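*Asks:* Structure, please.
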Amino acid sequence: MKQQHHWYHYLWLWSIFYFSMGFINILFAWLGLISFCLPLLFAIIGGNKLFCNRYCDRGQLLRVLGSQVGLSRRHEMPAWLKSQAFRYAFMIFFFAMFGSVVYTTWLVGSGASNLKEAVTILWSFNLPWHWTYTANIAPWKAQVAFGLYSLMMTSEVIALAAMLWFKPRSWCVFCPMGTLTQTICRAKAK
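*Replies:* Numbers count the residues shown, from 1 in each chain. Just a heads-up that it's a prediction; the model follows:
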């Protein structure tokens, strides 16, 4: 029996578009705010994780690469990766990194620091990305873009690594946005 494809099965194209456009012009990284806001809106307004379960472009990309293309080794995840303690610790760490982006942007905006034209992968590896910033806009706006792209690229690398070794959507188990939306949904249900 052939599986029916819905329009949302093609949302993985958004991930490809996002990372491709950020490679060309860093200002496209602002589109990453969609990936931050939509899951929250679904959880706050709808009280559900429908975005995560169905509409998440990253989840759809992991499904395509892991299941359809067959890149996943499909190992079971260790229990500690699924644990509530790890999920919340990872969420706090991830949002602390987001706070770092906000702080760096504030420094650049106030003139206390210069624009860092680099994308940082896994919070450690700086990749020069200077060619992607040619617009004549305020440096703080570019700094937000570099920071968002760094966060999105880092989480994409972690998600792809989890997909390659574990089951295709293993990232979804400990995704910071998924943990946050789950927390919101539980609070709304009480």
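*Asks:* For Ala159, see how far away the spatially most central residue of the chain is.
*Replies:* The centre of the chain sits closest to Met152, judged by Cα atoms, centre = their mean, with a distance of 4.2 Å. Met152 sits 10 Å away from Ala159 when distances are taken as Cβ to Cβ, to the nearest Å. All C-beta spots, glycine's among them, are computed from the backbone N, C-alpha and C.
*Asks:* likewise Leu50?
*Replies:* Leu50 is 20 Å from Ala159, by Cβ to Cβ.
*Asks:* Same drill for those two, tell me which one is more crowded.
*Replies:* Between Leu50 and Ala159, Ala159 has the larger neighbour count (other Cβ atoms under 10 Å), namely 22 against 15.
*Asks:* pLDDT averaged over the helix or strand hosting that one - what is it?
*Replies:* In the assignment (DSSP states H and E), Ala159 maps to helix 139-165. The predicted model assigns helix 139-165 a mean pLDDT of 96.
*Asks:* now the one helix or strand in the chain whose mean pLDDT sits lowest: how far from the chain's centre is it?
*Replies:* The weakest-scoring helix or strand in the chain, judged by mean pLDDT, DSSP states H and E, is strand 125-128 (a mean of 84). Remark: strand 125-128 is offset 18 Å from the chain centroid, using Cα atoms, centre = their mean, to the nearest Å.
*Asks:* quick one: contacts of it?
*Replies:* 117-121 (Cβ atoms under 8 Å, 6 or more residues apart in numbering).
*Asks:* Stretch 52-67 too?
*Replies:* 8-16, 18, 35, 38-39, 42, 71-72, 74, 155-156, 159-160, 163-164, 167-172, 175, 177-178, 181.
*Asks:* For it, buried residues please.
*Replies:* Neighbour-count burial for stretch 52-67 flags 52, 55-66 (criterion: 16 or more other Cβ atoms under 10 Å).
*Asks:* Okay, and which of these map to helices?
*Replies:* 57-63 (DSSP state H).
*Asks:* can you put these in CSV and add distance to Val144 and pLDDT?
*Replies:* Output for these, formatted as CSV (distance: Cβ to Cβ, whole Å; pLDDT from 0 to 100):
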residue, distance to Val144, pLDDT
Asp57, 20, 97
Arg58, 20, 97
Gly59, 25, 97
Gln60, 26, 97
Leu61, 24, 98
Leu62, 26, 98
Arg63, 30, 97
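*Asks:* Distance to Ala79 for those - can I get that in a markdown table?
*Replies:* Below are these laid out as a markdown table (distance: Cβ to Cβ, whole Å):
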| residue | distance to Ala79 |
| --- | --- |
| Asp57 | 28 |
| Arg58 | 23 |
| Gly59 | 22 |
| Gln60 | 27 |
| Leu61 | 26 |
| Leu62 | 21 |
| Arg63 | 23 |
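*Asks:* ok, so of those, who is nearest Phe90?
*Replies:* Proximity of those to Phe90 (Cβ to Cβ) peaks at Arg58, which lies at 15.3 Å.
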